[in-house]
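Undergrad: heads up, no residue letters with this:
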């Protein structure tokens, strides 16, 4: 799905998470995107294969997500976004866990007009 509206990126991203749709979720990222894998982490996943692996592990927790952008700034083909998210998922023992955070994301308009994450730091604004 080509995401041509920046204003809809966060709601469509949450829909893909809530549906457990790995293909749709992976499609939000540019081929060379970087994803920060934990709060304060220096570790990242880079490239579609690594991102898909990280996202598959994330979806294995059967998460439910609420996600709203606080702001979007656009300069030409690049956008900076900050979003608040709330995630409820299952721990390995089956109990529910709720985590909240504020992300920083950089998106880039692709040649087809869609916007894709090039840097996604889910805890970047915390």
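TA: Structure received. No experiment lies behind these values; they were computed from the predicted model shown.

Undergrad: Only C-alpha atoms from now on, for both contacts and neighbour counts.
TA: OK.

Undergrad: After the helix or strand of the chain at the bottom of the mean pLDDT ranking, which helix or strand is next? Please name it.
TA: Lowest by mean pLDDT, DSSP states H and E among the helices and strands of the chain is strand 44-46, with a mean of 79. The helix or strand immediately downstream of strand 44-46 is helix 48-59, counting by DSSP states H and E.

Undergrad: Tell me which residues of the very next helix or strand once past that next one come out buried.
TA: Counting by DSSP H and E, the next helix or strand C-terminal to helix 48-59 is strand 64-75. Using 16 or more other CA atoms under 10 Å as the test for burial, strand 64-75 gives 64-69.

Undergrad: So which residues make contact with strand 64-75?
TA: 6, 10-11, 14-15, 17-18, 79-89 (CA atoms under 8 Å, 6 or more residues apart in numbering).

Undergrad: Whatever helix or strand residue 104 lives in versus strand 64-75: what angle between them?
TA: Assigned by DSSP H and E, residue 104 falls within strand 96-109. With axes from the mean of the first three to the mean of the last three CA atoms, to 10 degrees applied, the angle from strand 96-109 to strand 64-75 works out at 20 degrees.

Undergrad: if we look at strand 96-109, which residues are touching it?
TA: 77-91, 115-126.

Undergrad: ok, now stretch 24-36?
TA: 1, 3, 13, 16-17, 42-48, 51-52, 55, 115-122.

Undergrad: are any of those residues buried, and which?
TA: Among those, the ones that count as buried (16+ other CA under 10 Å) are 3, 13, 16-17, 44-48, 51-52, 55, 115-122.

Undergrad: ok, residue 9 - contacts?
TA: The contact partners of residue 9, by CA under 8 Å, 6+ apart, come to residue 3.

Undergrad: one step back: from the contacts of strand 96-109, which land in strands?
TA: Judged by DSSP state E, the subset of those located in strands is 78-90, 115-121.

Undergrad: so how far is residue 61 from the residue lying farthest from the centre of the chain?
TA: In the chain, the residue that sits farthest from the middle, by CA atoms, centre = their mean, is residue 93; the gap is 25.3 Å. According to CA to CA, to the nearest Å, residue 93 and residue 61 sit 11 Å apart.

Undergrad: Also residue 29?
TA: 20 Å.
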